[in-house]
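return a 3D structure for these sequence lines:
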Amino acid sequence: ADFNYGADEYDAEGNEEPKALPEGSETMPYIDESPTMSPQLSARGQESGDGVSPTPTDGLGTGGERDAGKGLEMRKLVLSGFLASEEIYINQLEALLLPMKPLKATATTSQPVLTLQQIETIFYKIQDIYEIHKEFYDSLCPKVQQWDSNVTMGHLFQKLASQLGVYKAFVDNYKIALETAEKCSQSNYQFQKISEELKVKGPKDSKESHTSVTMEALLYKPIDRVTRSTLVLHDLLKHTPADHPDYPLLQDALRISQNFLSSINEDIDPRRTAVTTPKGETRQLVKDGFLVELSEGSRKLRHVFLFTDVLLCAKLKKTAVGKHQQYDCKWYVPLADLVFPSPEESEHCPQVHVIPDHELEDMKMKISTIKSEMQKEKANKGQSRAIERLKKKMFENEFWLLLNSPAIPFRIHNRNGKSYLFLLSSDYERSEWREAIQRLQKKDLQAFVLSSVELQVLTGSCFKLRTVHNIPVTSNKDDDESPGLYGFLHVIVHSAKGFKQSANLYCTLEVDSFGYFVSKAKTRVFRDTTEPQWNEEFEIELEGSQSLRILCYEKCYDKTKLNKDNNEIVDKIMGKGQIQLDPQAVQTKNWHMDVIEMNGIKVEFSMKFTSRDMSLKRTPSKKQTGVFGVKISVVTKRERSKVPYIVRQCIEEVEKRGIEEVGIYRISGVATDIQALKAVFDANNKDILVMLSDMDINAIAGTLKLYFRELPEPLLTDRLYPAFMEGIALSDPAAKENCMMHLLRSLPDPNLITFLFLLEHLKRVAEKEPINKMSLHNLATVFGPTLLRPSEGESKAHLTLASDIWSHDVMAQVQVLLYYLQHPPISFTELKRNTLYFSTDV
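Predicted structure coming up:
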């Protein structure tokens with residue numbers, strides 16, 4: 001879900017194959033009916049034809065504009081974008097209907113291509129859907145073209161929604177239609193030729209006259225369309241005043257559409273059930289917890305119980321309401337038979353399928369959005385039903401994250417044959433499990449086989465004995481529990497002592513966020529020493545975090561032990577420790593020094609915490625010389641350049657020798673190096689180039705980020721910030737394209753040229769992702785807030801509930817930059833030349 005809600009642009013249509021039906025869904029792919037999220041059912045568009053994306057020429061979000069006027073402008077954008085995509089949709093339906101008449105004509109001849117029955121099945125309800133949309137388009141088009149503040153069109157959407165019964169019939173028949181078309185293609189060459197290349201007419205203003213599309217792809221369009229119309233209704237409502245005559249009609253249409261989507265999805269929605277079980281004790285329970293098991297290629301959440309002599313892996317049984325809930329044993333391994341396979345032995349184990357970072361980040365964004373909606377509901381004393389619904393949605397999203405984010409393999413092998421694979425998100429946790437098992441294995445253990453009755457009794461005892469009751473997601477927390485810290489934790493890892501012999505040593509830092517721990521930073525390796533002196537500083541983003549963990553490792557350079565599996569950590573843990581992040585102790589401006597003791601080793605570190613709103617304060621420079629903290633227009637005018645010298649030089653240096661550096665722009669440079677570069681650029685020192693060529697590349701990347709962060713107003717300007725936030729929240733791709741391009745056009749020239757220059761650079765960095773591990777999403781996460789975060793005066797107005805609203809704001813800033821990074825190349829001249837055919841005088 002990258003906020004590109006099923007972009008249905010014209011150029012992309014031809015090559016689009018519909019997605020395969022998910023397993024277990026009998027009639028239909030799952031449709032996400034939540035209008036704020038991307039529908040999972042969407043054909044992806046790759047490009048945007050100019051004629052398809054009408055943009056009004058007036059200023060958006062300018063200071064003096066009244067809210068009503070702005071709302072009207074957004075309505076216009078949404079509608080004109082929707083109208084353009086409606087025209088494409090009608091052309092697609094026409095293309096589908098085109099072969100129907102000749103096919104019917106041959107059906108009664110001696111050589112029919114298809115029988116009348118087959119034609120009826122394949123083209124079922126297409127004619128009716130076409131007529132409904134043609135009438136809707138013909139009524140809406142003149143209203144949008146002769147736009148003024150009195151235009152009403154709610155009745156048109158209400159009528160469209162009231163005809164969804166036709167879609168229901170289409171949907172019920174969809175699977176059979178596809179199967180029939182597939183069978184007929186295989187048995188009839190003539191029909192195969194027809195169905196492989198249906199010609200879809202281009203929009204009126206498009207340069208292209210036709211594109212070729214398969215019948216399968218076109219049959220998918222009506223399904224996609226219902227979701228699309230629902231998204232548009234949602235956007236329209238958001239920008240329609242409550243007292244406008246259209247408001248109740250649009251509300252009604254949205255209600256009907258959402259109910260319709262729910263009715264389609266009801267059979268497919270996997271319902272989860274909760275838990276309880278009867279008792280029965282024999283062995284002592286030492287440790288238990290939730291772990292993700294990779295079983296038959298898919299991830300399953302298991303509750304794992306470690307008893308004094310056996311490891312038991314269970315899942316909760318689904319039981320009828322009112323019945324005792326209980327665990328179902330999936331497998332057990334007596335500790336006498338349990339071994340941890342070495343990396344060489346694990347080479348034959350199944351490979352771990354890692355979920356891409358951007359998908360995990362998108363899910364975090366969804367969770368943050370739901371959190372802020374819940375806060376609003378609670379603040380407005382909202383209905384408990386609405387809060388419960390949000391809670392359920394949040395649980396489902398967090399559950400997905402819990403299941404899909406772990407990637408560190410923890411392998412267990414039974415001497416008598418079978419191996420098992422768990423995935424953990426934290427090496428700390430993995431070593432805790434391993435150490436607990438190894439401690440128990442030091443005792444004299446006997447191998448055994450449990451009878452079915454013994455196994456039943458043991459599994460039955462799990463419910464009563466368990467120490468971990470809830471799945472570790474934040475939606476399971478009580479309201480009065482600490483929400484944790486949101487912001488940035490600065491940690492300096494100083495040194496360590498207490499090692500018995502010289503070794504190659506490094507540390508990693510883990511913090512908890514979204515209910516599980518993840519590794520956030522890693523020091524360099526200090527070679528051949530008993531007293532490493534790292535003195536490295538890290539900035540760690542906290543998302544509801546309550547604990548910091550430090551792990552100390554000995555680096556393994558033995559080639560035979562290095563595993564092919566990227567996530568396999570073969571380095572030896574020398575010690576590990578954890579401290580609670582106490583909000584009172586941490587939230588001071590000064591550094592707070594501390595020591596963690598682990599296995600006789602002491603690690604010294606310092607930390608301080610900055611809340612989100614403090615971390616990106618923009619303070620204009622008092623002096624107007626230099627470049628840091630000075631307006632970009634002043635700098636480019638003084639330099640007689642289009643892009644500031646500092647931006648050009650840093651980018652050139654990164655492209656020369658840093659583009660393949662792992663974690664470029666994400667890994668912090670040394671703070672003193674960055675300050676030295678800042679001073680040299682501010683003084684316009686003649687040694688700049690010599691200094692740049694000698695400096696660590698992460699310090700140069702850090703200097704570029706600092707320059708943008710210290711601009712007195714963000715590169716994408718305070719004035720347009722609210723409009724960027726509204727534009728990225730639009731669900732309809734055509735309206736979003738209009739709005740986002742229009743906003744770029746509204747930027748001052750120095751800002752726009754610099755932004756486009758940086759954009760192309762970041763795209764080049766992302767091309768090297770296999771080497772540098774920096775995807776477009778990672779880069780958007782680093783630069784989004786830096787380029788968009790409003791300056792002090794502006795942000796006061798936006799600040800309400802620091803933790804949740806902030807994370808929501810930051811996520812939206814990331815999405816704005818990601819939108820432009822994923823967009824085909826944008827040229828300054830094209831942007832400035834591009835005036836569009838829908839204009840308005842609001």
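
only C-alpha atoms from now on, for both contacts and neighbour counts.
Fine.

which residues of the stretch 351-500 of the chain score low on pLDDT?
Residue ranges of the stretch 351-500 of the chain with pLDDT under 70: 351-352, 382, 475-483.

chain neighbours aside, what residue packs nearest to Ile223?
Spatially, and ignoring its direct neighbours in sequence, Ile223 is nearest to Val171 (7.1 Å; C-alpha to C-alpha, 6 or more residues apart in numbering).

following the helix or strand that neighbour falls within, which helix or strand shows up next?
Applying DSSP states H and E as the criterion places Val171 in helix 164-187. Sequence order places helix 189-196 as the next helix or strand after helix 164-187, per DSSP H and E.

for that following helix, list every residue counted as buried.
Neighbour-count burial for helix 189-196 flags Phe191, Gln192, Ser195 (criterion: 16 or more other C-alpha atoms under 10 Å).

can you check the pLDDT for the closest residue to the last one other than its chain neighbours?
Okay, so that is Ser195. Spatial nearest neighbour of Ser195, excluding adjacent residues (C-alpha to C-alpha, 6+ apart): Met215 at 4.9 Å. If you check Met215, the pLDDT there is 89.

could you do the one 5 residues further on as well?
pLDDT, the model's per-residue confidence, is 84 for Tyr220.

which neighbouring elements make contact with the helix or strand where it lies?
Here Tyr220, judged by DSSP H and E, is contained in helix 215-238. Contacts defined by 3 or more C-alpha pairs under 8 Å, 6 or more residues apart in numbering; DSSP states H and E place helix 215-238 against helix 67-97, helix 164-187, helix 189-196, helix 246-265.

distance from it to the middle of the chain?
22 Å (C-alpha atoms, centre = their mean, to the nearest Å).

please apply the same query to stretch 647-656.
29 Å.

what's around Val449, how many residues?
10 (other C-alpha atoms under 10 Å).

which SSE is the closest residue to Val151 other than its chain neighbours in?
The shortest distance from Val151 to any non-neighbouring residue, by C-alpha to C-alpha, 6+ apart, is to Lys143 (6.6 Å). According to DSSP H and E, Lys143 maps onto helix 126-145.

tell me what that helix is packed against?
Against helix 126-145 (3+ C-alpha pairs under 8 Å, 6+ apart) you get helix 67-97, helix 154-162, helix 164-187.

out of those helices, flag the one nearest Cys739.
Closest approach to Cys739 among those is made by helix 67-97 (7.0 Å; C-alpha to C-alpha).

list the buried residues of the following helix or strand past the closest one.
Next in sequence after helix 67-97, counting helices and strands by DSSP H and E, comes helix 100-107. Using 16+ other C-alpha under 10 Å as the test for burial, helix 100-107 gives Leu103, Lys104, Ala107.

please name every helix or strand in contact with helix 100-107.
Looks like helix 100-107 contacts helix 116-122 (3+ C-alpha pairs under 8 Å, 6+ apart).

rounded mean pLDDT for the helix it packs on, please.
On average, helix 116-122 scores 91.

just the CA atoms of the helix or strand harbouring Leu489, as CSV, please.
Assignment of secondary structure by DSSP H and E places Leu489 within strand 485-497. Output in CSV follows, covering the C-alpha atoms of strand 485-497 (Å, rounded to 0.1, in the frame of the first residue of the first chain):
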residue,chain,number,x,y,z
LEU,A,485,8.4,7.0,24.5
TYR,A,486,8.0,8.6,21.1
GLY,A,487,10.9,10.6,19.7
PHE,A,488,14.7,10.1,19.3
LEU,A,489,17.0,8.5,21.8
HIS,A,490,20.7,9.6,21.4
VAL,A,491,23.0,6.9,22.7
ILE,A,492,26.8,7.1,22.9
VAL,A,493,28.4,3.6,23.4
HIS,A,494,31.7,4.5,25.2
SER,A,495,33.6,1.4,26.1
ALA,A,496,33.5,-2.1,27.8
LYS,A,497,35.8,-4.0,30.2
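
touching that strand from outside, list them.
For strand 485-497, the external contacting residues (C-alpha atoms under 8 Å, 6 or more residues apart in numbering) are 523, 530-546, 583, 601-613, 615, 802-803, 807.

among these, which are in strands?
533-545, 601-611 (DSSP state E).

next, the angle from the helix or strand hosting His742 to helix 215-238.
Applying DSSP H and E as the criterion places His742 in helix 733-745. Orientation check (axes from the mean of the first three to the mean of the last three C-alpha atoms, to 10 degrees): helix 733-745 against helix 215-238 gives 60 degrees.

how far does the helix or strand following helix 733-745 sit from the chain's center?
Following helix 733-745 in sequence order, the next helix or strand is helix 749-767 (DSSP H and E). In this view, helix 749-767 has its centroid 22 Å away from the chain centroid, taken as C-alpha atoms, centre = their mean.

show me what counts as buried in helix 749-767.
749-759, 761-763, 765-767.

measure Ser263 to Phe395 for me?
Distance, Ser263 to Phe395, using C-alpha to C-alpha, to the nearest Å: 22 Å.

comparing these two, which residue is more hemmed in?
Between Ser263 and Phe395, counted using other C-alpha under 10 Å, the more crowded position is Phe395 (18 against 12).

care to break the chain down by domain?
67-267, 274-350+407-472, 485-615, 621-793+800-834 (the TED database).

of all these, which lies closest to Thr369?
Once the domains of the chain are compared by C-alpha to C-alpha, domain 621-793+800-834 is nearest, at 5.7 Å.

picking that back up, ok, and what's touching the helix holding Lys143?
76, 79-80, 83, 86-87, 90, 93-94, 96-97, 151, 153, 156, 160, 163, 166-167, 170, 838.

same thing but at 7 Å, please
Outside helix 126-145, the residues that touch it by C-alpha atoms under 7 Å, 6 or more residues apart in numbering are Ser80, Leu83, Glu86, Ile90, Leu93, Val151, Leu156, Val166, Phe838.

number of residues surrounding the nearest residue to the fifth one once chain neighbours are set aside?
When you say that, I think you mean Leu93. In this structure, Leu93 finds its nearest non-sequential neighbour in Tyr130, 6.0 Å apart by C-alpha to C-alpha, 6+ apart. Close neighbours of Tyr130, defined as other C-alpha under 10 Å, add up to 20.

now swap in Val810 and tell me
20.

element containing it?
Applying DSSP H and E, one finds Val810 within helix 802-822.
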